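1. Here is a sequence together with a model predicted from it:
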Amino acid sequence: MVDEGHHRPRRPDRLRRPAAEPPVALITGASSGIGAATAVRLAPSGWQLLLSGTDRTRLDGIAARTGGRALPEDLSKPDGPQRLTEAALAAAGRVDVLVASAGLGWRGPFARTPTDTLDRMIEVNLAAPLRLVRLLLPGMLERRRGRIVLLGSMAGEVGVRDEAAYAATKAALAMFAESLWYELRGTGVGVRIVLPGPVDTPFFARRGTPYQRERPRPVSPERVADAVIGTITTSCDRPFVPRWLGFAARVHGAAPGVFRRMASRFG
C-alpha cells in the first residue's frame with residue numbers, strides 16, 4: 001500500500017485482502033446515475049456489491065444486472081445511515097469501500113429555497129456521508145485497509161449562481177475529505193473525493209430545472225464512474241472530471257476576481 005498523498009503519480013494501489021475473499025463495496029445512490037454506472041463498472045472484477053438507493057424498481061434492476069444486493073434506504077432521514085450500515089454488515093460482514101454517490105440538488109434564488117428541500121440536501125449530500133463514514137471507518141481502521149470515496153462537485157470548489165445551498169454542501173464535503181486525509185495517513189485507509197462538473201444523469205430532472213449553461217458540457221456517468229474506480233485502485237485521490245476543471249479551480253483559488261469576471265462572461 002502506497003503512502004496516502006496528494007498529487008502523486010497514478011500507480012497500482014489495490015486493497016490487500018485474503019485471496020479467497022472478494023472485496024465488498026457499498027455504493028449509495030446506486031439506482032441510477034454515477035452510482036449505477038460505478039456498480040456496472042465494478043461488477044466484472046468480482047466485487048461483492050451492496051447497492052443502496054430509494055428507487056426500489058431501478059435498484060433491483062441494477063442489482064440483477066451486476067449480481068449485487070439491493071439495500072434500499074432513504075438517506076434523507078437521520079437514522080438512514082445507521083440502518084444502511086447495519087444492513088450492509090449483516091449482508092457481508094464488512095465494507096472495504098464506501099462510494100457515497102447519493103446526492104440532491106435544487107436551483108433557484110437561495111431566499112426562495114423550500115425549507116424541506118434545504119433540509120434534505122443537507123442530510124443527503126453532507127450529513128449522510130459523514131454518518132456513514134463514522135459508522136464504517138472503525139472497521140476499516142481495525143483491518144488496516146479500506147477506501148472512502150466521496151462524490152463532490154465543481155460547484156463546491158468555485159460556487160455556482162442559483163445553487164448556493166447545493167454548492168455549500170459539496171464544499172463542506174470537500175473540507176471533510178481534506179481534513180480526514182490528514183487523519184488517515186499511514187492507517188491503510190484512504191479517503192478520496194471525485195470532483196465532476198455537470199453529469200448527464202437524472203439529477204437535473206429531479207431538481208426540477210434542466211441544465212442550462214453552455215459550459216462546461218455534461219459528461220457521462222460512466223466517465224465519472226471510471227474516475228471513481230481510479231481512486232479505489234490507484235493513489236489518485238482528488239480527480240476532476242473532466243480533468244481541465246482542475247485548472248479552473250486553481251484559477252479560482254489563485255485569482256478569484258479574475259475567475260468571477262470570466263464566469264460572469266462565459267458561465
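-> Thanks, I have it. Residues are numbered from 1 along each chain as shown.

2. which element follows the helix or strand containing Ser179 toward the C-terminus?
-> Taking DSSP states H and E as the definition, one finds Ser179 inside helix 164-184. Where DSSP H and E defines the elements, the next helix or strand beyond helix 164-184 is strand 189-196.

3. quick check: mean pLDDT across that next one?
-> Averaged over strand 189-196, pLDDT sits at 97.

4. Next: stretch 216-235.
-> pLDDT averaged over stretch 216-235 gives 92.

5. Show me what the helix holding Ser179 packs onto, helices and strands only.
-> For helix 164-184, the elements it packs on are helix 115-121, helix 128-143, strand 146-151, helix 155-158, strand 189-196, judged by 3 or more C-beta pairs under 8 Å, 6 or more residues apart in numbering; DSSP states H and E. C-beta coordinates here come from the backbone N, C-alpha and C atoms, glycine included.

6. which helices and strands does the third one pack with?
-> Helices and strands touching strand 146-151, by 3+ C-beta pairs under 8 Å, 6+ apart, are strand 97-100, helix 128-143, helix 164-184, strand 189-196, helix 221-233.

7. ditto for the shortest one
-> Using 3+ C-beta pairs under 8 Å, 6+ apart as the contact test, the elements touching helix 155-158 are helix 164-184, helix 245-254.

8. Contact partners for Leu26?
-> Leu26 sits next to Leu50, Ser52, Leu71, Leu84, Ala88, Val95, Val97, Leu98, Val99, Leu132, Leu136 when contact means C-beta atoms under 8 Å, 6 or more residues apart in numbering.

9. Disregarding flanking residues, what is the spatial nearest neighbour of the fourth one?
-> Meaning Leu84. Glu73 (4.3 Å; C-beta to C-beta, 6 or more residues apart in numbering).

10. Tell me how many other residues crowd that neighbour.
-> Residues near Glu73, counting by other C-beta atoms under 10 Å, number 23.

11. Of the helices and strands packed on strand 146-151, give the one that comes closest to Arg65.
-> For Arg65, the closest of the helices and strands packed on strand 146-151 is helix 221-233, at 13.9 Å, according to C-beta to C-beta.

12. Please enumerate the helices of the stretch 1-150 of the chain.
-> 33-42, 56-66, 80-92, 115-121, 128-143 (DSSP state H, counting those that start in this stretch).

13. Which residues are in contact with the residue nearest the centre of the chain?
-> Residue closest to the average C-alpha location in the chain (C-alpha atoms, centre = their mean): Leu151, at 2.0 Å. Neighbouring residues of Leu151 by C-beta under 8 Å, 6+ apart: Gly29, Ile34, Val99, Ala100, Ser101, Gly103, Ile193, Val194, Pro196, Val224, Val228.

14. picking that back up, go through the helices of the stretch 1-150 of the chain and pick out the most buried.
-> The highest mean neighbour count among the helices of the stretch 1-150 of the chain, using mean count of other C-beta atoms under 10 Å, belongs to helix 33-42: a mean of 25.

15. by contact count, what packs against that one?
-> Helix 33-42 packs on strand 24-28, strand 48-51, helix 56-66, helix 221-233, going by 3+ C-beta pairs under 8 Å, 6+ apart.

16. Of these, give the one that comes closest to Ala127.
-> Here strand 24-28 is closest among those (C-beta to C-beta), at 12.6 Å.

17. List the neighbouring strands of the closest one plus their orientation.
-> When pairs are called by DSSP bridges, strand 24-28 turns out to pair with strand 48-51 (parallel), strand 97-100 (parallel).

18. Point out the one among the helices and strands packed on helix 33-42 that comes closest to Pro114.
-> Per C-beta to C-beta, nearest to Pro114 of the helices and strands packed on helix 33-42: strand 24-28, 23.2 Å.

19. for the record, mean pLDDT for that closest one?
-> Rounded mean pLDDT across strand 24-28 is 98.

20. and that strand with helix 80-92, angle?
-> With axes from the mean of the first three to the mean of the last three C-alpha atoms, to 10 degrees as the basis, strand 24-28 and helix 80-92 are set at 150 degrees to each other.

21. Before I go, just wanted to say thanks for your time.
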